[in-house]
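Engineer: What shape does this take:
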Amino acid sequence: MAKSVEEVRAEIPFLRTGVIYLDNAATTPTPQPVLDAMLEYFCGYSANVGRGLYGAAKRATVEFETTRDKIAKVINANPEEIAYTKNTTEAINIVAQGLKLRKGDKVVTTVLEHHSNLLPWQRLERQGVELELVPVSRECLIDPAEIEKAIDDKTRIVTTHHVSNVIGSVQPVEEICKLAQEHDVLSLVDAAQSVGHMPLDVRKLGCDFLAAPGHKGLLGPQGTGFLYAREDLLAEFEPLLVGGGVVKQVEEHKCDLIKPPQICDAGTPNIPGIIGLGRACEYVLEIGIERIAERERKLTEQMLKIADIEHVEVYGPRNIERRGGVVSFNISGLGHHDVASMLDELAHIAVRSGHHCAQPTMRHLGVNGVVRASLHYFNLEQEIERFTATLEKIAREFGN
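Structural biologist: Below you'll find the model as predicted:
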């Protein structure tokens with residue numbers, strides 16, 4: 001039976017502090033069952049993975065490896081296509097370095113990317129790789145025709161986000177990935193703001209790579225994430241890191257590496273975190289990802305009514321079908337950091353303010369920062385009402 005909102009709230013200890021938590025695009029609070037899974041590791045079988053032959057080590061290895069199956073179930077992949085990472089940033093860097101792009105190769109992306117899907121490609125420009133950023137609409141929506149226009153014979157990969165971490169705009173990634181396929185070009189989807197928030201099927205998307213964190217939509221612990229890569233592609237990659245745990249045989253001047261996806265697990269990995277991520281995947285499936293998406297859609301629709309408040313400007317598409325659970329805004333006459341501080345001081349409402357690691361997006365919008373409120377399944381209608389009323393008070397008394 002699917003978990004109700006009340007059940008989920010009761011299982012998130014952080015919410016007992018009385019906070020109205022609207023910063024889920026940055027990180028989500030961790031449910032007790034996820035904490036319990038990690039604590040069970042620490043207390044019951046706190047051993048390293050892949051090395052020991054005693055009982056605790058064997059159990060740790062099994063639990064650690066089983067998380068690949070659980071992630072795969074969330075996105076409809078095979079476990080062999082899941083590499084563990086510590087975040088989305090690391091996953092994208094693995095691809096950027098693993099592709100071994102050369103001078104004259106080209107990467108196509110957009111001006112809306114999180115820095116994590118921009119800087120790894122910028123670094124390759126120093127090696128002579130061309131980076132083209134396609135234009136987008138004022139509402140921060142990507143037109144697939146602009147992507148197609150940018151693809152040429154030099155293009156090796158198209159990389160873009162699924163849901164904007166700044167605006168919440170949902171991009172036509174399935175269409176973009178199909179275009180890449182038609183032009184025999186690879187595709188990467190930054191799913192940091194979509195995995196766990198909405199149904200996602202890598203087979204349907206048709207992407208070659210997908211990067212995601214554990215600590216956002218999936219309600220998992222920080223310091224966890226994963227890279228989905230088609231099995232044949234991952235086998236071609238040279239890992240970002242090498243060392244203990246990823247070799248079959250080492251001689252003085254050469255080594256024979258193990259096969260993927262374990263090839264990405266050099267050194268002692270974040271064992272409790274990955275075990276917690278596995279439990280988090282089970283947890284969101286117990287809620288029902290379709291239910292999460294539907295609830296976030298309703299809450300987002302309710303939150304968008306702040307656009308009717310005098311002095312408040314909301315950014316991004318007004319069409320609810322083109323938005324995830326992220327609403328960004330400014331109040332004229334007030335700095336974004338001031339607004340965020342006031343929401344906390346007046347009503348214990350947690351939002352994020354700033355450029356959100358997306359400065360080119362800020363320039364596209366013509367601002368130096370925004371206030372961002374972001375949702376998850378556990379948020380309440382009453383919390384959105386309190387948020388709206390507090391924002392209205394701030395705008396009325398201090399806006400102009």
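
Engineer: Please report how far residue 333 lies from residue 87.
Structural biologist: In this view, residue 333 and residue 87 are 36 Å apart by CB to CB, to the nearest Å. Heads up, the C-betas are built off the backbone N, CA and C, glycines and all.

Engineer: Sorry, slip of the keys, the one I care about is residue 104.
Structural biologist: For residue 104, the distance to residue 87 - CB to CB - is 31 Å.

Engineer: Give me the more crowded residue out of the two.
Structural biologist: Shown here are residue 104 and residue 87; by other CB atoms under 10 Å, residue 87 has more neighbours (21 against 10).

Engineer: Identify the residue spatially nearest to residue 259, adjacent ones excluded.
Structural biologist: Of all residues beyond its chain neighbours, the one nearest residue 259 is residue 235 (7.1 Å), with distances taken as CB to CB, 6 or more residues apart in numbering.

Engineer: How about residue 206?
Structural biologist: residue 177 (4.3 Å).

Engineer: sorry, back to before: next, give phi and psi for the residue nearest to residue 259.
Structural biologist: Residue 235 adopts backbone torsions of phi -70, psi -20, taken as degrees, to the nearest 10.

Engineer: and the closest residue in space to residue 152 that isn't next to it in sequence, what pLDDT?
Structural biologist: Nearest residue to residue 152 in three dimensions, chain neighbours excluded: residue 106, at 6.8 Å (CB to CB, 6+ apart). With respect to pLDDT, residue 106 has a value of 98.

Engineer: and residue 106, what are its phi and psi?
Structural biologist: phi -130, psi 140.

Engineer: picking up where we left off before, how about the contacts made by the residue nearest to residue 206?
Structural biologist: 158, 187, 189, 205, 206, 207, 208 (CB atoms under 8 Å, 6 or more residues apart in numbering).

Engineer: tell me which residues of the longest helix seen in the chain are tucked away?
Structural biologist: In the chain, taking DSSP state H as the definition, the longest helix is helix 55-75. Residues 57, 60-61, 63-65, 67-68, 70-72, 74-75 are the ones in helix 55-75 that count as buried (16 or more other CB atoms under 10 Å).

Engineer: swap in stretch 29-41?
Structural biologist: 29, 30, 31, 34, 35, 37, 38, 40, 41.

Engineer: distance between it and the chain's centre?
Structural biologist: Distance of stretch 29-41 from the chain centroid (CA atoms, centre = their mean, to the nearest Å) equals 20 Å.

Engineer: Can I get it in CSV, CA atoms only?
Structural biologist: Taking C-alpha atoms only, stretch 29-41 is exported to CSV below (Å, rounded to 0.1, in the frame of the first residue of the first chain):
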residue,chain,number,x,y,z
PRO,A,29,15.6,15.6,4.5
THR,A,30,16.2,11.9,5.1
PRO,A,31,13.4,9.5,6.2
GLN,A,32,13.9,7.3,9.3
PRO,A,33,13.9,4.0,7.3
VAL,A,34,16.9,5.3,5.3
LEU,A,35,18.7,6.3,8.5
ASP,A,36,17.9,2.9,10.0
ALA,A,37,19.4,1.1,7.0
MET,A,38,22.6,3.1,7.4
LEU,A,39,22.7,2.6,11.2
GLU,A,40,22.2,-1.1,10.8
TYR,A,41,25.3,-1.2,8.7
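
Engineer: center of the chain - which residue?
Structural biologist: Nearest residue to the geometric centre of the chain (CA atoms, centre = their mean): residue 192, 1.1 Å.

Engineer: Now do the contacts for that residue.
Structural biologist: Per CB under 8 Å, 6+ apart, neighbours of residue 192: 88, 114, 116, 161, 165, 211, 212, 213, 216.
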